[in-house]
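**Student:** output the structure for:
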Amino acid sequence: MFYTAKIPWIIKKMFPSLVFKFNDKEKTIYLTFDDGPIPETTPLILDILEKYNAKATFFCLGKNVEKHPELFDLIIQRGHTTGNHGYSHKNGWKTANAEYFEDIEKANKLIRSDLFRPPYGRIKPSQIKYLKKKYRIVMWDVLSGDFDYYTDSEKCYKNVINNVENGSVVVFHDSLKAKNNVLEVLPEVLEKLKAIGLKVQCL
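**Tutor:** Got it, this is the predicted structure:
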């Protein structure tokens, strides 16, 4: 599976209306989790975040919120923020606009957030033009790679720590596929970020 841990500057320049990172003067990074909530992973991540007094933004799938509303409520109760990741994780490049927008609005009835992250990070310019009227479209600056079967926790750690900087938006996943990596590496990442003086915040 090909992906880059650090989003190239040219991509950010090509899509100026999307949020990839923030130009923060303060030493802050923004931690995000995609694809939950699910009972096998999300509560454990919430406990780790609480231990390190870190806040994050969870880009939730509508179908998972519908299945596990108590976990969605728990995210909010713990002081984190939520964003829309679509109802059924549709690929914007491969989905007709009307179907794509309908899927997002179905999720919005459950999530009710003005933050949206396109599944796979794949979204057409026409979709951006329409959605940015209602949502702040949040991409990322640093991708942990926790979802990749061929990436172990050590590589995930390096993907984050070697690329993070003030204002970075970092992506992890609270999914079954990412469970082993994210639960192992998240405490190590939070320890290191604390040691180098970076505050972990939600959007």
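**Student:** list the residues that contact the nearest residue to Val19 once chain neighbours are set aside.
**Tutor:** Nearest in space to Val19, with sequence neighbours left out and distances taken as CB to CB, 6 or more residues apart in numbering, is Val138 at 4.6 Å. For glycine as for every other residue, the C-beta is placed from the backbone atoms N, C-alpha and C. With contact taken as CB atoms under 8 Å, 6 or more residues apart in numbering, Val138 is in contact with Leu18, Val19, Thr32, Thr57, Phe59, Gly83, Leu115, Phe116, Arg117, Val169, Leu203.
**Student:** how many residues are close by Glu191?
**Tutor:** 11 (other CB atoms under 10 Å).
**Student:** could you check which helix or strand contains it?
**Tutor:** Element membership for Glu191 (DSSP states H and E) is helix 179-195.
**Student:** all helices of the chain, in order?
**Tutor:** The residue ranges that make up the helices of the chain, judged by DSSP state H, are 9-14, 42-51, 62-67, 69-77, 97-111, 125-131, 153-161, 179-195.
**Student:** which strands and helices sit next to the longest one?
**Tutor:** Counting contacts by 3 or more CB pairs under 8 Å, 6 or more residues apart in numbering; DSSP states H and E, helix 179-195 is packed against helix 42-51, helix 153-161, strand 169-173.
**Student:** just say which of those is most tucked in.
**Tutor:** Ranked by mean neighbour count under mean count of other CB atoms under 10 Å, the helices and strands packed on helix 179-195 are led by strand 169-173, which reaches a mean of 24.
**Student:** just give me how far that strand sits from the chain centre.
**Tutor:** 4 Å (CA atoms, centre = their mean, to the nearest Å).
**Student:** same question, stretch 48-66
**Tutor:** The answer for stretch 48-66 is 9 Å, by CA atoms, centre = their mean.
**Student:** what are the buried residues along the helix holding Glu191?
**Tutor:** Counting neighbours by 16 or more other CB atoms under 10 Å, one finds that the buried residues in helix 179-195 are Lys179, Asn181, Val182, Leu183, Val185, Leu186, Val189, Leu190, Leu193.
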